[in-house]
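Trainee: Based on what follows, work out the 3D shape:
(chains A and B)
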Amino acid sequence: MRIKTTVNEPILACLLCLLSPVAAPALAAEGEAQAGWSGLITPKLFLFDFSGGAGADRTHFLERYQVREGLAGDDRSGLYLDLDLNLTYSNGARDLFTLERRGEGQYNHVERGRFNADKVAISGYYSQYRSATGGIDFLYSPGQAPGGTDPSYNTPPQTASGYFAQFNDDSGRSVYKIDRTTFGAGVRLKPSLLGDLASVDLRFDGYQRDGSRFSPWIAGGSDFAGPQFQLQRWRAYAQPVDETMGKLALSFTLSPGGLFQLAYDGAVEEFDNQARAFSIGDFASFLPAGNSVAGTNGTKPLHFVPDSKLTTHGLRLTRSFGSSAIAAGYGVSRLEQDSFTQRQRDAGYDTGEISTENAFLNFNSHLSQAVALEGYFKYFNRDNDSTFPAPGLLSATEGEKLGVRVNNLETLEYGVAASFRPAGGKSTVTAGWKREDTSRDLTFHESPGITPQRSLYRRDSLSDEVYLRLVSKPSKGLTLRVTPSYLWADKTGLVAEPEESINLNALLSYLTPRGALVSGYYNYMDQQNTNNSFTDAVAPTGNDGASVDQDLAKTLHAAGASLSLTPADGASIALGLDWIQSDFESFYFSTNRRRFENPANGITFFIRDRSQYKIDTLSLSLSGEWQPRQGLVLSGGYTYSQSEGDVGSGLVASELASTVDGTIDSALQSILLGVSYEPKKGMGLWAQYLFDDYQDDSYDLVSGSLHTLAVGFTFKL
Amino acid sequence: MRRFRIEWTAGLVLLALPLAAAAAGSDSDASPQTIAAASCLECHDEMATFYARSAHAGASCASCHSGAAEHLADPEALPGRPDASACLNCHQSGAKHMNWGFSEHSLAGVVCRDCHGIHEPKASPDSKGAVLLKDPSSTLCLTCHQEILPRLNMTSHHPVKEGAVSCTSCHDPHGSRQATLAGRNESCTSCHQAVRGPHTFEHVPAAESCTICHNPHGSPNRRLLQVAQPMLCMQCHSIADNRHGQTGAAGARITGAALRSCTSCHSAVHGSSFDEHLRY
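Mentor: Have a look, this model is predicted:
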């Protein structure tokens, strides 16, 4: 039986090569800089055990961000080995080389190495991480979660929305995981190598993603044919994930005699998707006898992920003039699509390209000890240079071939601020103003379709914001930060943008003479937008109904307090308590028909209800350490996070009552107990017990817990 | 095969580093025990170990601490602690720090030593509060940005606690929102290329800004959504009764099976190569 370890074998082999010839000579003693290796090597043993959850054949909720697998391949209960490293090599003058490894299992570890000398630095890293959030998506999918389908929609059978009566899972699996392997290396030539004039950084970063995701989709009304076609439309499959990314970046900075700093940053990044591409025709065999994929719909692609290349260039300049400084920069990027579907090629869609420009100009100046000025100007431009139109695929005149196309998006942002520091220097007040002006070049579908009047999306946004920033240290150890701001917008392009917004961020902290830190904060945000409407009352479209405004209100409260102190020698405690409330209200609109239907038929927008989403989250964190005697350290920690509230109210709430999604009522807690013991110099033992527990009163199936016991033995070089 | 090459390549890089170190030998003829440093370390011997091994070992204490000579003459006259300008004397020439003066941290009065340990690392696995966070540097950020910790503890969060990402994976602590050349979604799509496109049919909020729909630190809603479905979608979208309603009539009942998850049907929510309705 092959013993499965969690240490990457090639890297371990290299480490053994590194350490064996150099571990023998004199080791660095504490208080002296001697040549050689020093640091910590910690082999670890983990035991884990999941309980509860949706079953062994489905993802456990507590696996979503860390998947574990034991030596015997069991992902519910088992043990595995791992290794931590924290090593340093010194040449007697300074630490030259560091090697770190943190291992949390076969699918969660990171290794970093760095060589850092006076003239050059070389670094590299490698990590693996496995997540299982796709498995949680599966548990909440229409075929799994209560209320996911509604059989009453099939009465009478084959109605236009009868598909809600049945969900067809073609995936044949219930567990979904994705591995992300990231790696990179870089070289930095420091100024001391280049005559103190310049520095050069060359980096390569990359990743590989493998796994699968649960992908639902719904076929169009004419995609299938046969006596049950409506019930066959709503489907899902296991979409494979097989992607690689590689990015090469170069930075060159010139700083002659500190007169100015000029930097060039350029990068080329390639993203390749090697996963099999699916189309509607791949699911023809899953249809019951007598039903089929109609006509040429079989070649319609599903969830196509294109290969792409991103090229960026940027130039930045900074110059100081005594007590003033300016900074300027200009950058461009181009994102190009490198692979296309057959349908895109058939329609002549052979260019997918987004290009951007960015520029900024900043200045700040200390006019005196008490007064400072700052200002900035920022420009952003995004062009959609992709093929348009592409007859048969993307067209402003053909039916269902365009909603709205963002041809161009341009934003100008600028502002000024003045800071005042009264005599005594214990407080600074900054008053500022900024403006953001966005214009969009949009192409809507020509009638019939999603004309501008039938959308809440607008061409222009224009907002101003004024703010104060107070930083005060009225006495030793006491710090107060308060930042109120007010924003108003004459135009909002998106209903998600605020027409009016009031914000307040406040933080008070006190550091006692004995080193205890107590702090509290309160953040408040209130936003509203009634600017955007369906059906322009001034320029209505055809026979459309009366104009209706969206009325959106968002309020966010966040408050917390924390305490960190050392109550006795060898003991430390940290405690934090936080509360967040998110309150969101908007109108719930429906229409009598789809916006692109027969132009002779007007569209009427109804306000069905006003609905409110309101969730409170309470969070507690505790951590502490105590060293009762030399060499023995006890540690503990506890976090608790509870979220509770309604996802909607009124009509939304009443319809969601039969599902698991109407309310959020969950609590996630973790308890950690640890002990470390150093029986003699250079050697240590430690153990940690971690208990994680998730309780979900809205969807009890996903509740469960996890026990983890880790023991380790530390060698100190 | 591909993974085999990657792992061995990474291993060879790590193998090469100490070989380069051995070849480089001592890059500095200056002993860390310069005359000025030796004078300081006579009293401040607790600094000896870290100073001697740090990247600053070749510099004298006086190059960062103003008033060192006066302090040597009179111990009651305390030397200055370095502010950002002292550090930038050497470190401004790098691309990372050149716009420090315009950064939000600088404008908030943060100085280099607040985050960086000059004599010893400030962020280490032994840092206070690191008990439940696997990344020491993120623990450091959270000592000031306390309002973020409860977000990281929510049921849907970027895996900072688990050690897969850190604050600096997305944020540049030396940079400025006003002095950056990064595009709006660039921070997100530097890892999430699969949703980047280019898409034939774009979803407007995805093209404008990821944060219209997502809270990247954490959320009580699945998939880091700012607000749960259907409310998130209904702020911009009306729902056609003749395709979502129980009957084709205007005002017909719309089932919870439809309202609970818009993306169960409209799954190409970031953009589609083919379908205007973003169903696939």
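Trainee: from what I can see A:F260 touches A:A325, true?
Mentor: No. Applying C-beta atoms under 8 Å, one finds A:F260 not in contact with A:A325, separated by 10.1 Å. Quick note: C-beta positions are derived from backbone N, CA and C, even for glycine.
Trainee: Between these two, tell me which one has more neighbours.
Mentor: Between A:F260 and A:A325, counted using other C-beta atoms under 10 Å in any protein chain shown, A:A325 has the larger neighbour count: 19 against 14.
Trainee: Could you find the closest non-adjacent residue to that one?
Mentor: Excluding its sequence neighbours, the residue lying closest to A:A325 (C-beta to C-beta, 6 or more residues apart in numbering or on different chains) is B:G101, at 5.3 Å.
Trainee: same thing with A:V702?
Mentor: Closest to A:V702 by C-beta to C-beta, 6+ apart is A:F61, at 4.5 Å.
Trainee: re earlier: ok, now how distant is the residue nearest to A:A325 from B:L88?
Mentor: 8 Å (C-beta to C-beta, to the nearest Å).
Trainee: so where is chain B shaky, pLDDT-wise?
Mentor: Across chain B, the stretches falling below the confidence threshold (pLDDT under 70) are B:1-37, B:48-55, B:57-58, B:92-93, B:119-133.
Trainee: where's the nearest residue to A:G375 once chain neighbours are set aside, which helix or strand?
Mentor: If you skip the residues right next to it in sequence, A:G375 has A:V416 as its closest partner in space, 4.2 Å away by C-beta to C-beta, 6+ apart. Element membership of A:V416, judged by DSSP states H and E, is strand A:404-420.
Trainee: Quick check: which helices or strands does the helix or strand just after that strand pack against?
Mentor: Where DSSP H and E defines the elements, the next helix or strand beyond strand A:404-420 is strand A:427-444. Here strand A:427-444 touches strand A:404-420, strand A:460-472, going by 3 or more C-beta pairs under 8 Å, 6 or more residues apart in numbering or on different chains; DSSP states H and E.
Trainee: Including mean pLDDT, mean neighbour count and distance to B:D74, could those go into a markdown table?
Mentor: Written out in a markdown table, the entries for the helices and strands packed on strand A:427-444 read as follows (pLDDT from 0 to 100; neighbours: other C-beta atoms under 10 Å in any protein chain shown; distance: least, C-beta to C-beta, whole Å):
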| stretch | mean pLDDT | mean neighbour count | distance to B:D74 |
| --- | --- | --- | --- |
| strand A:404-420 | 97 | 17 | 35 |
| strand A:460-472 | 96 | 17 | 32 |
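Trainee: Need the nearest residue in space to residue 273, chain neighbours excluded.
Mentor: You didn't pick a chain, so chain A it is. For A:N273, the nearest residue in space outside its immediate sequence neighbours is A:V305; the separation is 4.5 Å by C-beta to C-beta, 6+ apart.
Trainee: Sorry, I should have been clearer: chain B.
Mentor: Nearest residue to B:S273 in three dimensions, chain neighbours excluded: A:F304, at 4.0 Å (C-beta to C-beta, 6+ apart).
Trainee: Also A:F138?
Mentor: Of all residues beyond its chain neighbours, the one nearest A:F138 is A:F214 (4.5 Å), with distances taken as C-beta to C-beta, 6+ apart.
Trainee: Wait, A:S339 touches A:D307, no?
Mentor: Yes. Shown here, A:S339 and A:D307 form a contact pair, counting by C-beta under 8 Å, at 4.1 Å.
Trainee: Who are the contact partners of residue 175?
Mentor: Let's take chain A. Residues in contact with A:V175 (C-beta atoms under 8 Å, 6 or more residues apart in numbering or on different chains) are A:57-59, A:132, A:135, A:138.
Trainee: ah, no, chain B please
Mentor: By C-beta under 8 Å, 6+ apart, the neighbours of B:G175 are B:99, B:103.
Trainee: Quick check: the gap between it and B:A182.
Mentor: If you measure B:G175 against B:A182 using C-beta to C-beta, the figure is 8 Å.
Trainee: residues of the one helix or strand A:R608 maps to that come out buried?
Mentor: Counting by DSSP H and E, the secondary-structure element that holds A:R608 is strand A:605-629. By 16 or more other C-beta atoms under 10 Å in any protein chain shown, the buried positions in strand A:605-629 come out as A:605-606, A:608-609, A:611-625, A:627.
Trainee: With stretch A:374-385 instead?
Mentor: Taking 16+ other C-beta under 10 Å as the neighbour-count basis, stretch A:374-385 is seen to contain the buried residues A:374-378, A:380, A:382-385.
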